[in-house]
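>>> here is my input, please return the structure:
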Amino acid sequence: MKPLAIPVSGKYSSALTLMRIPFSVYLMPVYWFALSVADGYTLWRAVGVFIILHLLVYPASNGYNSYHDRDEGSIGGLKRPPQVTQELFHLVVLFDVAAVLGSLFLSPLFALLVAVYLLVSKAYSYRGVRLKKYPIVSTVVVTFFQGAFTFLTVQVGAGLDLQHVLQPPNIWYAMVSTLFLCGSYPLTQIYQHQEDSQRGDKTLSLLLGVRGTFLFAGISLSLGAALLLGLYLNAGQLLNVLIFLLCTAPISFFFTRWVLKSWRNPKEVNFENTMRMNKISSLCISLAFMLMLVWRTFYNS
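Numbers count the residues shown, from 1 in each chain. Reported below is the predicted structural model:
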């Protein structure tokens, strides 16, 4: 019996690796952003939302995507992904069920929103639907659900009233998160053109090309930043403007430097630089919103 125990354990270990739990850090900015502009949320609920989204929902989506893609090359968060096994599907189902059941402890509406997110993420990868094959549709779906939809879901799960959540300026802040995702999403595809093309997935980045992807990302990120700064200025939140500009300066520096180097040398468009861009942007934007959240909490206390 001992020889059987090792491969089974190894298969589940590999499957867990493909869930890419650490990769969830790249989606943290939406969570911190949603809380940084919210008043009246409950702390324990906010913690629960963080755990459900980043340890269950996002990994389940990552795992299901890997289960259908069966990538042989580098993917987000993994330079050399292990082989896909049936155990990966088992873990995805387990994480899905745990996410929805855990969400019910916060509120039925939050659980419904989480279930909708999980279903949409399945439609993105499932071969029978495969939204990923359609560049415009997949971009709209991903940026809306990972951006504005998640932004509003976080606030609902944290205890805010739905009517308040859907009112301006909050709904405009949610739009900012979608614009930011619209800028970062095609950048995650920019080094995978060959593999996506071979699989029949015409991603937005493949449609735009490398230079077009950089241009599209720059415009989307700039529009998101402009709208956000305008909202802060309109609310008289000059400190938030300063915090955002200082914390995101490294993103602008690296992005500009990467674009210039890539135009001179196409080999700069690779997994390492893409992950570095994701890491810098995620950590810097998360830091900005966390500082705003701390200040908002301190100021209102």
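>>> give me the nearest residue to Ser66, chain neighbours excluded.
Once flanking residues are discounted, Ser66 sits nearest to Leu18: 4.4 Å by CB to CB, 6 or more residues apart in numbering. Heads up, the C-betas are built off the backbone N, CA and C, glycines and all.
>>> the one you found: what's it in contact with?
By CB atoms under 8 Å, 6 or more residues apart in numbering, the residues touching Leu18 are Asn62, Gly63, Ser66, Tyr67, Leu78, Pro81, Pro82, Val84, Leu88.
>>> from those, which land in strands?
If you go by DSSP state E, the contacts of Leu18 have nothing in strands.
>>> scan these and report the most crowded one.
Counting neighbours by other CB atoms under 10 Å, Gly63 comes out on top of those with 27 neighbours.
>>> against which helices or strands is the strand or helix carrying Tyr58 packed?
Here Tyr58 sits within helix 58-69, counting by DSSP states H and E. Applying 3 or more CB pairs under 8 Å, 6 or more residues apart in numbering; DSSP states H and E, we find helix 58-69 packed against helix 2-18, helix 86-104, helix 108-125.
>>> list the contacts of that helix.
Helix 58-69 has contacts (CB under 8 Å, 6+ apart) with 15, 18-21, 23-24, 27, 75-77, 81, 84, 88-89, 91-92, 95-96, 99, 117-118, 121-122, 124-127, 199.
>>> same question for it, mean pLDDT?
Throughout helix 58-69, pLDDT has a mean value of 86.
>>> what about that helix, distance to the chain center?
Between the centre of helix 58-69 and the centre of its chain there are 13 Å (CA atoms, centre = their mean, to the nearest Å).
>>> please apply the same query to stretch 139-147.
Average the C-alpha atoms of stretch 139-147, do the same for its chain, and the two points are 9 Å apart (CA atoms, centre = their mean).
>>> now what about that stretch, what contacts it?
Stretch 139-147 has contacts (CB under 8 Å, 6+ apart) with 27, 30, 117, 120-121, 123-124, 131, 174, 177-182, 185-186, 204.
>>> quick one on the thing from earlier: ok, of the contacts of helix 58-69, which come out buried?
Among those, those scoring as buried are 15, 18-21, 23-24, 27, 75-77, 81, 84, 88, 91-92, 95-96, 99, 117-118, 121-122, 124-126, 199 (criterion: 16 or more other CB atoms under 10 Å).
>>> let me see the contact set for the residue nearest to Leu104 when sequence neighbours are not counted.
Distances taken as CB to CB, 6+ apart place Ala111 nearest to Leu104, at 4.6 Å, with adjacent residues excluded. By CB under 8 Å, 6+ apart, Ala111 lies in contact with Val100, Leu101, Ser103, Leu104.
>>> gap between the first one and Met28?
Relative to Met28, Val100 is positioned 21 Å away (CB to CB, to the nearest Å).
>>> again with the second one
Here Leu101 is placed at a distance of 23 Å from Met28 (CB to CB).
>>> more crowded one of these two?
Between Leu101 and Met28, counting by other CB under 10 Å, Met28 is the more crowded of the two (19 against 13).
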